[in-house]
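# Got a sequence here, can you build the structure:
(chains A and B)
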Amino acid sequence: MRIIGILAGTVAAALAAGPALAHDPASHAVTRIEGPADDYVYQLAPPGSYALPRIKPAAVLGLLDESGAPVDLKAVFAGRLTLLSFMYTRCGDACPLAALRLADLQRLASEEPALAQRVQIVSLSFDPDYDTPTVMAEYGEMMRLPDVAAPRWLFLTAPDSESLAPLLAAYDQPVARAAADSVSGPFSHLLRAFLIDAKGDIRNIYSADFLDPRLLLNDLKTLSMEGS
Amino acid sequence: MLAAAPALADETCQSPYMAKITGEEEYVYIWTLGMEGLGDGSDKLVTVDVRTGSPTFGQVIDVDSVGGRNEAHHGGLTDDRRLYWVSGLDSNRIFLFDIAGDPANPKLVKTIDDFEEKSGGVVGPHGAYALPGRVLISGLSNSADKTGRSALVEYTNDGAYIATHWMPTKENPQGAANAEKADGYSYDARVLPRRNVMLSSSFTGWSNYMRPLGDVVKDPEAMKAFGNTMVLWDFHARQPRQVFEVPGTPLEVRWAWGPNNNYAFTSTALTSQIWLVYEDENQKWHAEAVADIGDPATLPLPVDISLSADDSTLFVNSFLDGMTRVFDVTDPHHPKQIYDKKIASQVNMVSQSWDGKRLYYTSSLLANWDKTGDDNEQFLKAYFWDGKELKPRFEIDFIAAGLGRPHLMRFGSAALYN
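Predicted coordinates:
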């Protein structure tokens, strides 16, 4: 049992209260959608038919991979199309919701082998004191598809909170201590995810509202078409 | 600051991407147009303490002058509510205030001086609308002909230019349906994420909004240069999908909040109507006039509107008669007026707390459109709303205080940044 079974209970309440995960993939052809509140049931522009302007360079830092080995974000980004998401494993709210959507993205992208080889998902913890490489490795094992054709999904952390702070500031990723009685975990944060091109430039920024796997896939395809 | 956090009390009518205040608002930040001969005469950000029980409740506790007059008008908060962007319709300057470091004492941290150059000729930076990690500026005009033809301009939260999205026109429809009716004008732009749509409205250009209103009204050619359209966009692609004919200058866009309520309201300044833009059961979008505001024949000049968080009540201000009218919009196709009150000789903006219990009104429209003499009342007035009537809470006379012409309001709270 992987991601869906493990996290379904955790996010069920959030899903019930908030937007659904994805829209109908056939919505280009079928415009009629049943029900007045089919959240995220909308038409998407085809890949390559719209622009994704350069927003700013993606900040980089020396981090730790799941084995505890040093890894440089600059090298991670180079030559690949990246979906970077900040998260922490103790989160009981937005992060598991985002993880579900990224798992869907990994599955969707795995169906297109050429694209899958160029794409990667990077989940980066902003709670390195708890999220050690070992914890991230365990979390990653729950999330990832074992399929070798799937895009790679890295789970990174930092040596400590102090060294991570400049990176969080550069990505405009505010993180604050939550109230002591918070049921959603020890931190409160805006959910942010970033589309980063092969040159290391940010090309889109997503909140929970637009973390739709099919939309993400279209954006990745749009970037991949720039180089073709 | 979770995006999905419950919003127990916050101003309505804000970007859905913005962090929410989870308690009563503590401060109201008022972007105020300088008035010649009054105080330092400069535009300024005025901070008012609205904390119930505070020793300085209802008082101005901070004033940050930007030096000079820029035709201060609108602005907005970033999605993380750390920066308050406010702009000048005449100077094209945009001022970024940090309200997170000390919410009681905003600090100017950046001034954007090259908006016109970077945007490719957009002038009149207007609202600042929070997108994820970005800010969307709706322009009111352009440097080439100073008409209302304009664009939407994107910046990063910290003020780096990203892109310009010109409004569709008859000559450049950009794929929009009904583009033969497009006037290319711009005013407000707001997003309904779950439908991937953005709705924009239209006003008039620099050549009209910097001219005395009395002169404009008497000039038939000038009166032709007002917007008569709204545009529905594919938000993700930033591409216009459909142009609606909405005669009489549709201004503020207010999306409903309810998960089943796929519609927005606007009011038309020159034809004095409430319009509804809605999606039908076949996912087609329509615009229709659904109510008059006062007597349109008397030109009340509707300006700001505020929709309650439960989508039941719409507050509608009109500038020339100084009235606020409250409509029951439970049936959005058939609004019914349930209350009215004369706020003053003139009134423009209205902001409402998320629980609908507290409302704030300011007075100024534009330097050359505000009334003169004794009718030039300039104020912040705060009220309680009990569902039936407005009861005074406090007020500040911005002329007696030497401040100027108060315009856009945004709420703040120290609780956001703990």
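# Give me the distance between the closest residue to B:Asn261 other than its chain neighbours and B:Trp255.
Nearest in space to B:Asn261, with sequence neighbours left out and distances taken as C-beta to C-beta, 6 or more residues apart in numbering or on different chains, is B:Asp311 at 5.4 Å. C-beta coordinates here come from the backbone N, C-alpha and C atoms, glycine included. To B:Trp255, B:Asp311 is 10 Å away according to C-beta to C-beta, to the nearest Å.
# Of the two, which one has the most company?
For B:Asp311 and B:Trp255, the more surrounded residue by other C-beta atoms under 10 Å in any protein chain shown is B:Trp255, and the numbers stand at 24 against 20.
# Counting neighbours, what do you get for the closest residue to that one other than its chain neighbours?
Leaving aside its sequence neighbours, B:Trp255 sits nearest to B:Ala264 (C-beta to C-beta, 6+ apart; 4.6 Å). When counting by other C-beta under 10 Å, one arrives at 26 neighbours for B:Ala264.
# what's the answer for the one 4 residues further on, then?
Taking other C-beta under 10 Å as the criterion, the count of residues near B:Thr268 is 23.
# who does it bridge with?
In this structure, B:Thr268 has beta-bridge partners B:Pro250, B:Gln273, where bridges are defined by DSSP bridges.
# That one: what's it in contact with?
Residues touching B:Thr268, when contacts are defined by C-beta atoms under 8 Å, 6 or more residues apart in numbering or on different chains, comprise B:Val246, B:Pro247, B:Gly248, B:Thr249, B:Pro250, B:Leu251, B:Trp275, B:Ala289, B:Pro302.
# for B:Thr266, same thing?
B:188, B:201, B:230, B:246, B:250-254, B:274-275, B:277, B:305.
# Also A:Ile205?
The neighbours of A:Ile205, taking C-beta under 8 Å, 6+ apart as the test, are A:Ile55, A:Arg192, A:Ala193, A:Phe194, A:Leu195, B:Leu131, B:Pro132, B:Gly133, B:Arg134.
# and what of B:Ile305?
Each residue near B:Ile305 by C-beta under 8 Å, 6+ apart is listed here: B:Glu252, B:Arg254, B:Phe265, B:Thr266, B:Ser267, B:Ile274, B:Leu314, B:Phe315, B:Val316, B:Asn317, B:Val350.
# Is it possible to get a markdown table of the contacts of B:Thr266 that adds secondary structure and pLDDT?
Shown next, in a markdown table, are the contacts of B:Thr266 (DSSP: H, G, I helix; E, B strand; the rest coil; pLDDT from 0 to 100):
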| residue | secondary structure | pLDDT |
| --- | --- | --- |
| B:Asp188 | coil | 97 |
| B:Ser201 | coil | 98 |
| B:Met230 | strand | 98 |
| B:Val246 | coil | 98 |
| B:Pro250 | strand | 98 |
| B:Leu251 | coil | 97 |
| B:Glu252 | coil | 96 |
| B:Val253 | coil | 97 |
| B:Arg254 | strand | 96 |
| B:Ile274 | strand | 98 |
| B:Trp275 | strand | 98 |
| B:Val277 | strand | 98 |
| B:Ile305 | strand | 97 |
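# Near chain A, which residues of the stretch 101-250 of chain B are found?
Counting by C-beta under 8 Å from any C-beta of the partner chain, the residues of the stretch 101-250 of chain B close to chain A are B:131-134, B:154, B:156-158, B:160, B:162-163, B:193-197, B:234, B:236-239.
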